[in-house]
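Participant: After the sequence you'll find the predicted model.
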Amino acid sequence: MATQLGQPNFISILFFLIFVILTLLITYWAAKKTKTSSEFYAAGRSITGFQNGLALSGDFMSAASFLGISGMVALKGFDGTIYAVGWLVGWPALLFLIAEPLRNLGKFTFADVVAFRLKQKPIRISASIGGILVTLTYSTAQIVGSGKLINLMFGIPYEGAVVLVGFVMLLYVLFGGMIATTWVQIIKACLLLFGVTLLALLALSRFGFDPENLYGAVEKEFGRAALEPGGLTANPVDSVSLGLALMLGLLGLPHILMRFYTVPDAKEARKSVAYATTFIGYFYLIIPIVGFAAAALVGRTSIAAVDQGGNMAATLLAELLGGNALMGFIAAVAFATILAVVAGLTLAAASTISHDLYVNVFKNGEADEKEQVLIAKKATIAFGVLSILIGILFKHQNVAFLVGLAFAVAASGNFPALFLSILWRNLSTAGAVLSILVGSVSAVVLIVFSPTVWVEVFGFKEALFALKNPAIVSMPLSFVTAFVFSKVYPEKTAREKYDSEKIRTYLGIGAE
């Protein structure tokens, strides 16, 4: 099909400007309310469970969810839904294992929980390494995606697009902190849910509002294989490893965990996960319809011709169904999606650098409110500039491996230590520190040696590590490391503090 993608589109530019102006007005409003470190990092703990549920879903439904899954389903068929299912099933685990203890034990970052009964400095340093590694890889993937999107939609150079995204995102975080970021995520979640619903309904209208007719058209065009497993990962071990990373990586993503400190208590934290699961579940139910409809109506050849990864499938479908107006709206929604996620990631990285490293490691917890906010803003600028530079550097790379890397590092480095600190009395500082470092480093090394990077990016003939996703190896390695070193280097004070931690975990007594 003929497409206007790649040429400046007046309607998409108009929608883009409306969204940016609206969110900058929110930032201006939020800036007046953001004075203390609690307001900057945690919106003064004033967000309700429903609002936080929408913001959580806005934070989580990234470019990989919207553009990536629809494109993957369009080009690879049924297996694209592995990502949707994997990302969704992590939410009940988050609700039952992490949400309440996290809210009751922590203050601003997940390292607060791990360090609650262990030695502060080594835990915070290692947790910062794991946290920054996850946020940097995740935000780089989003920024590269946004650069390509704006490059195609507005016809401006990729490098200029990346700088533009980075600049607008820095405005949100620097001046509005968590209050502005939360409301940007809420607006983006509403726009995304509306946009995907509209796209799915318009697509189904071409098939008599009967999904069976849609799947029949896909089978007729591409064969039964398009509706069966095996198009993306034929190796069952690889599928399990990918599933582990997607499901349990969620429980170690700093920008998601940070959102639980914005609600007043554990009850609202539980509510926010329930709402988020509902919104995200609905989104992942209908996004495969968009992908299959794009395959049937636009065609795989046309989708791959615009972007080999299929990331523009939803945008091309919107253009076919509603012309430039719908394409402009969907592109603006995709941009809003990326911007909101990058803002959340930047805030998480800034809180790690300022709260965990500067205040608790270098200043021994002695820093006034003004100093904390100033350092957080400097950290925001540093992280934002670094993300922009890496985004420009990775211009020609496939961003899928960056998202996979972020989830694998989160599942291997952050999740085991966080999980064990809450549930295992015998966890020691040595066990937790080495668990985070071994998990994070092994995940990064194995993904570099995997076919995704070693063969596809570096161009070597054979991969040194056979699996595309390392979680099935690196995550158990992290758990074993925690167990072995906690036994070899036991910590009496950590065991003694476990009982008081348990009371606070379940009853919330002393929670901030």
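Facilitator: That came in fine, so what should we check first? Numbers count the residues shown, from 1 in each chain.

Participant: Isn't Thr262 up against Thr48?
Facilitator: No: judged on Cβ atoms under 8 Å, Thr262 makes no contact with Thr48 at a distance of 9.6 Å. Where you see a C-beta, it was placed from the backbone N, CA and C, and this is true even at glycine.

Participant: quick one: which of those two has more around it?
Facilitator: When Thr262 and Thr48 are compared for neighbours, Thr262 comes out ahead with 27 against 15, by other Cβ atoms under 10 Å.

Participant: Ramachandran coordinates for the more buried one?
Facilitator: Phi and psi for Thr262, reported as degrees, to the nearest 10, are phi -90, psi -10.

Participant: any idea how far Asn52 is from it?
Facilitator: Look at Thr262 and Asn52: by Cβ to Cβ, to the nearest Å, they are 6 Å apart.

Participant: Quick check: which ranges of the stretch 1-150 of the chain have low pLDDT?
Facilitator: Under the criterion of pLDDT under 70, the regions of the stretch 1-150 of the chain flagged as low confidence span 1-9, 34-39, 41-44, 63-64, 106-107.

Participant: Where do the helices of it begin and end?
Facilitator: Defined through DSSP state H, counting those that start in this stretch, the helices belonging to the stretch 1-150 of the chain, from first to last, are 10-33, 37-42, 49-60, 63, 69-76, 81-93, 100-105, 110-114, 120-154.

Participant: anything in contact with each of Thr262 and Asn52?
Facilitator: Common neighbours of Thr262 and Asn52 are listed as Thr182 (criterion: Cβ atoms under 8 Å, 6 or more residues apart in numbering).

Participant: Go through the helices and strands of this protein and name the one with the lowest mean pLDDT.
Facilitator: Considering only helices and strands, the least confidently modelled element of the chain by mean pLDDT, DSSP states H and E is helix 37-42, at a mean of 66.

Participant: Could you point out the longest helix of the chain?
Facilitator: Secondary structure assigned by DSSP state H gives helix 313-351 as the longest helix of the chain.

Participant: So which residue is dead centre in this structure?
Facilitator: Phe60 (5.0 Å; Cα atoms, centre = their mean).

Participant: Distance-wise, check Gly160 relative to Ile388.
Facilitator: Distance of Gly160 to Ile388, computed by Cβ to Cβ: 11 Å.

Participant: same check, this time on Val263
Facilitator: With the distance defined as Cβ to Cβ, Val263 ends up 32 Å from Ile388.

Participant: After the host helix or strand of Gly281, which helix or strand is next? Please name it.
Facilitator: Under the criterion DSSP states H and E, the helix or strand holding Gly281 is helix 266-297. Using DSSP H and E, the next helix or strand after helix 266-297 towards the C-terminus is helix 300-306.

Participant: What is that following helix packed up against?
Facilitator: Contacts defined by 3 or more Cβ pairs under 8 Å, 6 or more residues apart in numbering; DSSP states H and E place helix 300-306 against helix 69-76, helix 313-351.

Participant: Which positions within the longest one qualify as buried?
Facilitator: In other words, helix 313-351. The neighbour-count criterion (16 or more other Cβ atoms under 10 Å) identifies 313-322, 326-351 as the buried residues of helix 313-351.

Participant: I'd like the mean pLDDT over that helix, please.
Facilitator: For helix 313-351, the per-residue pLDDT values average out at 83.

Participant: now the next helix or strand after that helix: how far from the chain's centre is it?
Facilitator: Sequence-wise, the next helix or strand downstream of helix 313-351 (DSSP H and E) is helix 369-393. Using Cα atoms, centre = their mean, to the nearest Å, the mean C-alpha position of helix 369-393 is found 18 Å from that of the whole chain.

Participant: so what secondary structure elements neighbour helix 369-393?
Facilitator: In terms of contacts (3+ Cβ pairs under 8 Å, 6+ apart), helix 369-393 is packed against helix 37-42, helix 120-154, helix 158-171, helix 313-351.

Participant: So for Lys497, which of these sits nearest?
Facilitator: Each of the helices and strands packed on helix 369-393 was scored for nearness to Lys497 using Cβ to Cβ, and the closest is helix 120-154 (12.5 Å).

Participant: on that earlier part again, need the contact list for the residue nearest to the centre of the chain.
Facilitator: Phe60 makes contacts with Trp87, Leu250, Ile256, Ala276, Ile280, Val341, as judged by Cβ under 8 Å, 6+ apart.

Participant: Please tell me how far the third one sits from Leu56.
Facilitator: In this case it means Ile256. Ile256 is 7 Å from Leu56, where distance means Cβ to Cβ.

Participant: what ranges do the helices span in the stretch 351-500 of the chain?
Facilitator: Counting by DSSP H, counting those that start in this stretch, one finds helices in the stretch 351-500 of the chain at the ranges 369-393, 400-409, 415-423, 429-449, 471-488, 492-507.

Participant: quick one, which of those is packed in tightest?
Facilitator: Burial of the helices of the stretch 351-500 of the chain is given as mean neighbour count (mean count of other Cβ atoms under 10 Å); helix 400-409 ranks first at a mean of 27.

Participant: name the helices or strands packed onto that one?
Facilitator: Packing contacts for helix 400-409, counted by 3+ Cβ pairs under 8 Å, 6+ apart, involve helix 120-154, helix 236-249, helix 429-449, helix 471-488.

Participant: Run the chain-centre distance for it.
Facilitator: Between the centre of helix 400-409 and the centre of its chain there are 10 Å (Cα atoms, centre = their mean).

Participant: pLDDT score assigned to Ala411?
Facilitator: At Ala411, pLDDT is 93.

Participant: so what's it up against?
Facilitator: Under the criterion of Cβ under 8 Å, 6+ apart, the contact list for Ala411 reads Leu244, Ala245, Met247, Leu248, Gly249, Leu251, Gly252, Ala443, Ala471, Ser474, Met475.

Participant: right, and out of those, which lies closest to Asn364?
Facilitator: For those, the closest approach to Asn364 (Cβ to Cβ) belongs to Gly252, at 26.9 Å.

Participant: buried ones in stretch 13-29?
Facilitator: Counting neighbours by 16+ other Cβ under 10 Å, stretch 13-29 gives Ile13, Phe15, Phe16, Phe19, Val20, Thr23, Leu24, Ile26, Thr27 as buried.

Participant: Fine by me, we can end here.
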